[in-house]
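K.L.:
got a structure for you, letters missing:
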Ligand code: HEM
């Protein structure tokens, strides 16, 4: 909702925007911590047995090397993780997000209150195991 409110052009592209919001604000920014069961090598880096591995999905989602135009493929877009232990609730999670977002967009028009400029909406995040907005999102809703 924060991204949508900030950018009226994207407001009209609701479906695409769900994915965009997930990329920019991966709800689980470091996925889940995992432990390496055996020594392996990833892109020339040796990862010893027992290493705790955190995947920085937040940084991947904002890396200009991947996201200038492209939708991203392979392992760049990973708000639900990847591989054998990826999120089994992905379909349910996405369906819930889309349903709630579609309902909010369908039934209301949205504006930043007090004549504020949409692009100046505070987008600071409070980081933790899951990411949330630092300040409350206050918008003016007009029922359709
Ligand atoms: C937007 C919603 C959701 C997001 C962003 C999300 C994200 C994630 C992420 C990043 C992981 C770690 C994947 C990895 O380590 O590669 C995960 C694991 C998991 N998620 Fe979700 N999730 C969501 C919704 C759900 C829902 C709705 C359920 C259950 C109904 C669920 C159940 C699980 C379970 C059980 C795991 C652990 C899988 C394992 O370790 O084998 N998640 N999720």
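P.N.:
Cool, got the structure. No experiment lies behind these values; they were computed from the predicted model shown. Numbering: from 1, shown residues only.

K.L.:
For this protein, which helix or strand comes out least confident on mean pLDDT?
P.N.:
Lowest mean confidence among the helices and strands of the chain (mean pLDDT, DSSP states H and E): helix 14-24, at a mean of 70.

K.L.:
Could I get the average pLDDT for stretch 111-122?
P.N.:
Throughout stretch 111-122, pLDDT has a mean value of 89.

K.L.:
Contacts only, for residue 142.
P.N.:
Residue 142 is in contact with 108-111, counting by Cβ atoms under 8 Å, 6 or more residues apart in numbering. Bear in mind the C-beta positions are built from the backbone N, C-alpha and C, glycine included.

K.L.:
Among those residues, name the buried ones.
P.N.:
Buried subset of the contacts of residue 142 (neighbour count, 16 or more other Cβ atoms under 10 Å): residue 110.

K.L.:
The lengthiest helix in the chain packs against which elements?
P.N.:
Looking across the chain with DSSP state H, the single longest helix is helix 90-107. Secondary-structure packing of helix 90-107 (3 or more Cβ pairs under 8 Å, 6 or more residues apart in numbering; DSSP states H and E): helix 14-24.
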